[in-house]
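Chemist: Could you look at this predicted model? Sequence included:
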Amino acid sequence: MVLSWLVITQIDSKIMSSSPILLEVQNLKKYFPVSGGFLKHKNKYIRAVDDISLTIEPGKTLGLVGESGCGKSTLGRAILHLEPPTSGNVFLEGRNIGLLSKKEMRLVRRDMQIIFQDPFSSLNPRKTVAQIVREPLDVHRVGTRSDRLNRVQYLLDMVGIRNNVLNRYPHEFSGGQRQRIGIARAIALDPKFVVADEPVSALDVSVQSQVLNLIAELQKSLNIGFLFISHDLAVVQHVSDFVAVMYLGKIVEQSNVRRIYSQPRHPYTKALLSAAPATGITPRDSRSKLKGDLPSALESMIGCSFHTRCPLAEARCRNESPEIRNVGGAEKHLIACHLATE
Ligand code: SF4
């Protein structure tokens, strides 16, 4: 059921597009300056997000996978403008959110929410469950006090937290229950787009699937577009419609979930799938073993960013950076590799 009781304030659009796309990211970059040298000049940058473009449709999930440290979480935060991007654009329903005033941005925040990784540190231990879930409603002054309380109770029912818990504190709940409370808070304002940043990685395996199923149910009933960030390929496969594979700040492969898991094309995607615990679905290839660690994103790498670990690297891979291009025809399959053919 779509919750339409919130009064949605219309915002003047700065740039509108006719696309049915919910979220569009164009050439997004997020560089962090690093001080160095005797005078502490900021002469180097960590390229956490390096020229990323992607789209998400309403009610669909784009899974974002990659090793720890590849820039996944920074990308999620830059899309939400929790970290101001270095350059690039983010459009929500055609509005360029980077061009909005502070007041307009505050209103757009209703439509864009985040579920955090750690349900232990993301909930304020000094606040009751009612206060935590009600907070976004209070901040945006939605309804009367009693409307908000009713809404909190409704949201908690929706995420499966029942029995009068409004006056209890986070420490009284298990990890899975805390994450459900965090999810209730994230959907309190009926958002259109949610970034779920490793939402089950801090949970016991036994409760991971319950929380994943809850997210999938909410997505369907509320028609939310998700960016689902995880290093766990099985989790991403379970919840995603589309998958983007990220390496050292860049998307190296992107397609629908079936193609990524049954016909991976980029050597890095193949290596990730080979390294994952056997699912019985993904092809295993011992030649695709991933060697070494993720290189530093501090230096700008010449050529393909994966060439230092790629078993197929050839001379041009060390000198020319591969463009991302479609090798899947109508069934879009984007890949950044010199060797990829249609
Ligand atoms: Fe490997 Fe070269 Fe393809 Fe990069 S461009 S993934 S180094 S084969």
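Modeler: That came through, no problem. Numbering: from 1, shown residues only.
Chemist: helices and strands around the helix or strand Arg151 falls within, which ones?
Modeler: Per DSSP states H and E: Arg151 is located in helix 145-158. Using 3 or more CB pairs under 8 Å, 6 or more residues apart in numbering; DSSP states H and E, the elements in contact with helix 145-158 are helix 129-139, helix 175-186. For every residue, glycine as well, the C-beta is placed using N, CA and C.
Chemist: Now the shortest one - C-alpha only, PDB.
Modeler: So the one you mean is helix 129-139. What follows is helix 129-139, C-alpha atoms only, in PDB (Å, rounded to 0.1, in the frame of the first residue of the first chain):
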ATOM      1  CA  VAL A 129      12.000   3.800  19.900                       C
ATOM      2  CA  ALA A 130       9.200   6.200  19.500                       C
ATOM      3  CA  GLN A 131      11.500   9.200  19.500                       C
ATOM      4  CA  ILE A 132      13.900   7.600  17.000                       C
ATOM      5  CA  VAL A 133      11.200   6.600  14.500                       C
ATOM      6  CA  ARG A 134       9.300   9.900  15.000                       C
ATOM      7  CA  GLU A 135      12.400  12.100  14.500                       C
ATOM      8  CA  PRO A 136      12.100  12.600  10.700                       C
ATOM      9  CA  LEU A 137       8.400  13.400  11.200                       C
ATOM     10  CA  ASP A 138       9.300  15.900  13.800                       C
ATOM     11  CA  VAL A 139      12.100  17.500  11.800                       C
END
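Chemist: buried stuff in it?
Modeler: Residues of helix 129-139 classed as buried by neighbour count (16 or more other CB atoms under 10 Å): Val129, Ala130, Ile132, Val133, Arg134, Glu135, Pro136, Leu137.
Chemist: before we move on, back to that, any idea of the angle the helix holding Arg151 forms with helix 175-186?
Modeler: If you take axes from the mean of the first three to the mean of the last three CA atoms, to 10 degrees, helix 145-158 sits at 140 degrees to helix 175-186.
Chemist: And for the residue of the stretch 1-150 of the chain found nearest the ligand, nearest residue in space, chain neighbours not counted?
Modeler: Residue of the stretch 1-150 of the chain nearest the ligand, by CB to the nearest ligand atom: Gly66 (14.0 Å). Leaving out its chain neighbours, the residue that sits closest to Gly66 by CB to CB, 6 or more residues apart in numbering is Met246, at 3.7 Å.
Chemist: what sits opposite that neighbour in the beta ladder?
Modeler: Applying DSSP bridges to Met246 gives these bridge partners: Ile251.
Chemist: cool, Gln113 as well?
Modeler: Val194.
Chemist: I'd say it and Asp190 touch.
Modeler: No: under the criterion of CB atoms under 8 Å, Gln113 is not in contact with Asp190, lying 9.6 Å apart.
Chemist: So the two - more neighbours on which side?
Modeler: Higher neighbour count among Gln113 and Asp190: Gln113, with 22 against 18, using other CB atoms under 10 Å.
Chemist: Roughly how far does that one sit from Ala48?
Modeler: Counting by CB to CB, to the nearest Å, the gap from Gln113 to Ala48 is 22 Å.
Chemist: will you turn the helices and strands packed on helix 145-158 into TSV that also has mean pLDDT and distance to the ligand?
Modeler: Output for those, formatted as TSV (pLDDT from 0 to 100; distance: least, CB to the nearest ligand atom, whole Å):
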stretch	mean pLDDT	distance to the ligand
helix 129-139	95	42
helix 175-186	94	36
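Chemist: which residues of the stretch 1-150 of the chain score low on pLDDT?
Modeler: Scanning the stretch 1-150 of the chain for pLDDT under 70 picks out the ranges 1-19, 36-43.
Chemist: Now with 50, please.
Modeler: Residue ranges of the stretch 1-150 of the chain with pLDDT under 50: 1-19.
Chemist: Would you mind naming what in the chain lies close to the ligand?
Modeler: Pro267, Cys304, Phe306, His307, Cys310, Leu312, Ala313, Cys317, Pro322, Cys337, His338, Leu339 (CB under 6 Å from any ligand atom).
Chemist: quick one, helices of the chain?
Modeler: Using DSSP state H, the helices of the chain run over 72-79, 102-108, 129-139, 145-158, 175-186, 205-222, 233-239, 257-262, 267-275.
Chemist: Figure out which of the ones you listed is closest to Pro33.
Modeler: Nearest to Pro33, of all these, is helix 72-79, at 14.0 Å by CB to CB.
Chemist: closest point of the stretch 151-300 of the chain to the ligand, which residue?
Modeler: Here the residue of the stretch 151-300 of the chain nearest the ligand is Pro267; by CB to the nearest ligand atom that distance is 4.6 Å.
Chemist: quick one, what contacts the most centrally placed residue in the chain?
Modeler: By CA atoms, centre = their mean, the mean C-alpha position of the chain lies nearest to Leu227, the distance being 3.6 Å. Shown in contact with Leu227 (CB atoms under 8 Å, 6 or more residues apart in numbering): Leu23, Ile56, Thr61, Leu62, Leu64, Gly76, Ile79, Phe193, Val194, Val195, Ala196.
Chemist: Can you report how many residues neighbour the second one?
Modeler: For Ile56, the tally of surrounding residues (other CB under 10 Å) stands at 22.
Chemist: so it makes contact with Gly63?
Modeler: No: Ile56 is beyond contact range of Gly63, at 10.8 Å (criterion: CB under 8 Å).
Chemist: Which residue ranges of the stretch 1-150 of the chain form strands?
Modeler: Ranges of strands within the stretch 1-150 of the chain are 23-36, 41-56, 61-65, 87-92, 95-96, 112-115, based on DSSP state E, counting those that start in this stretch.
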